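Asker: Sequence first, predicted coordinates after that:
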Amino acid sequence: MASIRAVLIIALVVALYLVLFLPQWWLVRSGSPQAVALPRLFHRIVLWGLGLKVVRRGQPSTARPTLFVSNHVSWIDIMVLGAEIEASFIAKHEVDTWPFFGTLARLQRTVFVERKARKTADHRDLMVERLATGDSLILFPEGTSSDGLRILPFKSAFFSLAERRFDDRPLTLQPVSLAYTELCNLPVGRRWSGLFAWIGDQDLLPHLWRFLRAGPAVATLEFHPPVTIDGFASRKALAAWMQTVVAQGVSDAHAGRITARPAPPPNRLVPMQPEGPESGATVTVP
């Protein structure tokens with residue numbers, strides 16, 4: 001039964017890909033602002049097919065551009081975040097070479113970056129260019145994926161983007177905590193965290209197959225108040241504060257609790273425009 005479920009999900013994804021490929025290719029090629037909307041629909045339908053329910057706390061920033069800063073657990077993060085945020089991802093260059101997944105990433109206008117130092121400036125300029133046009137981006141500042149129960153140190157070099165100003169305004173950054181909290185109506189914990197976390201040199205296809213056979217699950221996604229670098233002593237201080245906030249959110253999600261977050265420097269919060277449910281409400285997205 002589990003294998004049949006996995007095959008049906010794969011069939012759904014392939015069918016969606018075939019239906020949406022040409023429209024999305026045209027939107028990207030023409031530079032249409034709707035190029036960020038169609039991938040969101042794709043991810044929402046795939047999540048529905050997976051039986052992966054997203055419980056959202058808070059709201060994504062409506063400021064343009066915004067740099068969303070999230071912890072990284074797995075390839076599954078792309079679908080969860082992609083379903084909730086109209087933004088493009090920043091991904092390692094290797095993803096561009098992956099069969100099928102690389103094509104999906106390009107269709108979502110992913111910014112690919114290499115870890116080689118000599119390429120750093122070029123990729124930073126590309127990200128700045130995208131932000132300058134009003135595109136929002138999603139950053140995984142750990143630089144790799146974790147086990148999903150804790151987060152790795154945020155690399156402050158990634159936050160050099162926050163030092164740039166756009167239309168004479170500081171860049172808006174929003175910390176995001178992502179945790180996979182339930183599997184088949186039971187807490188994930190260490191026993192099942194490996195079904196979600198994709199760590200190190202694991203082969204993608206076996207991990208994908210195990211996840212597809214696992215059963216319905218819940219991801220908890222918390223959007224913390226947006227901030228800017230103004231008021232922080234340095235980008236390292238900004239990175240450290242964001243790491244603390246995101247880590248607390250992940251810990252609370254696994255423990256099923258809500259606690260106060262470390263406060264940002266005074267008067268450095270970015271005002272949120274009211275949109276949809278009130279900030280702090282819990283919204284379940286199929």
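Answerer: Nice, I can see it.
Asker: Can you verify Ala219 is assigned to a strand?
Answerer: Yes. Residue state for Ala219 (DSSP: H, G, I helix; E, B strand; the rest coil) corresponds to a strand.
Asker: any idea how far it is from Leu50?
Answerer: 10 Å (Cβ to Cβ, to the nearest Å). (Glycine included, C-beta is placed from N, CA and C.)
Asker: Pick out whichever of those two has more residues nearby.
Answerer: Ala219 (27 against 21; other Cβ atoms under 10 Å).
Asker: looking at it, the more buried one is touching Val54, isn't it?
Answerer: Yes. If you go by Cβ atoms under 8 Å, Ala219 and Val54 touch, sitting 5.1 Å apart.
Asker: any shared contact partners between these two?
Answerer: Common contacts of Ala219 and Val54 (Cβ atoms under 8 Å, 6 or more residues apart in numbering): Val80.
Asker: Quick check: phi and psi at Thr66.
Answerer: When read as degrees, to the nearest 10, the backbone of Thr66 gives phi -130, psi 140.
Asker: which residues sit in contact with it?
Answerer: Thr66 touches 60, 87, 136, 171-174, 226, counting by Cβ under 8 Å, 6+ apart.
Asker: Just grab the bridge partners of it for me.
Answerer: Taking DSSP bridges as the rule, Thr66 bridges to Thr172.
Asker: Check Val54 too.
Answerer: On the basis of DSSP bridges, Val54 is bridged to Ala219, Val285.
Asker: Relative to Trp48, how far out is it?
Answerer: To Trp48, Val54 is 10 Å away according to Cβ to Cβ.
Asker: Tell me which of the two has more neighbours.
Answerer: Using other Cβ under 10 Å as the criterion, Val54 and Trp48 rank with Val54 on top: 21 against 14.
Asker: thought that one was touching Phe223?
Answerer: No. Between Val54 and Phe223 there is no contact under Cβ under 8 Å: 11.7 Å.
Asker: The nearest residue to Phe68 once chain neighbours are set aside and His72: what is the separation?
Answerer: Closest residue in space to Phe68, ignoring its immediate chain neighbours: Ile138 at 4.6 Å, by Cβ to Cβ, 6 or more residues apart in numbering. Using Cβ to Cβ, we find Ile138 at a distance of 10 Å from His72.
Asker: residues of the helix or strand where Gly249 lies that come out buried?
Answerer: Using DSSP states H and E, Gly249 maps to helix 235-255. Across helix 235-255, burial judged by 16 or more other Cβ atoms under 10 Å covers 235, 238-243, 245-254.
Asker: from the chain's centre, how far out does it sit?
Answerer: 15 Å (Cα atoms, centre = their mean, to the nearest Å).
Asker: Dump that helix to PDB, restricted to CA.
Answerer: C-alpha atoms of helix 235-255 as PDB (Å, rounded to 0.1, in the frame of the first residue of the first chain):
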ATOM      1  CA  ARG A 235      26.300  41.600  10.300                       C
ATOM      2  CA  LYS A 236      27.700  39.000  12.700                       C
ATOM      3  CA  ALA A 237      25.400  40.400  15.400                       C
ATOM      4  CA  LEU A 238      22.500  40.200  13.000                       C
ATOM      5  CA  ALA A 239      23.400  36.600  12.100                       C
ATOM      6  CA  ALA A 240      23.700  35.600  15.700                       C
ATOM      7  CA  TRP A 241      20.400  37.100  16.600                       C
ATOM      8  CA  MET A 242      18.600  35.400  13.700                       C
ATOM      9  CA  GLN A 243      20.200  32.100  14.600                       C
ATOM     10  CA  THR A 244      18.900  32.400  18.100                       C
ATOM     11  CA  VAL A 245      15.400  33.300  17.000                       C
ATOM     12  CA  VAL A 246      15.200  30.500  14.400                       C
ATOM     13  CA  ALA A 247      16.600  27.900  16.800                       C
ATOM     14  CA  GLN A 248      14.100  28.800  19.500                       C
ATOM     15  CA  GLY A 249      11.300  28.500  17.000                       C
ATOM     16  CA  VAL A 250      12.400  25.000  15.900                       C
ATOM     17  CA  SER A 251      12.800  23.900  19.500                       C
ATOM     18  CA  ASP A 252       9.400  25.200  20.500                       C
ATOM     19  CA  ALA A 253       7.700  23.600  17.500                       C
ATOM     20  CA  HIS A 254       9.100  20.100  18.400                       C
ATOM     21  CA  ALA A 255       8.100  20.700  22.000                       C
END
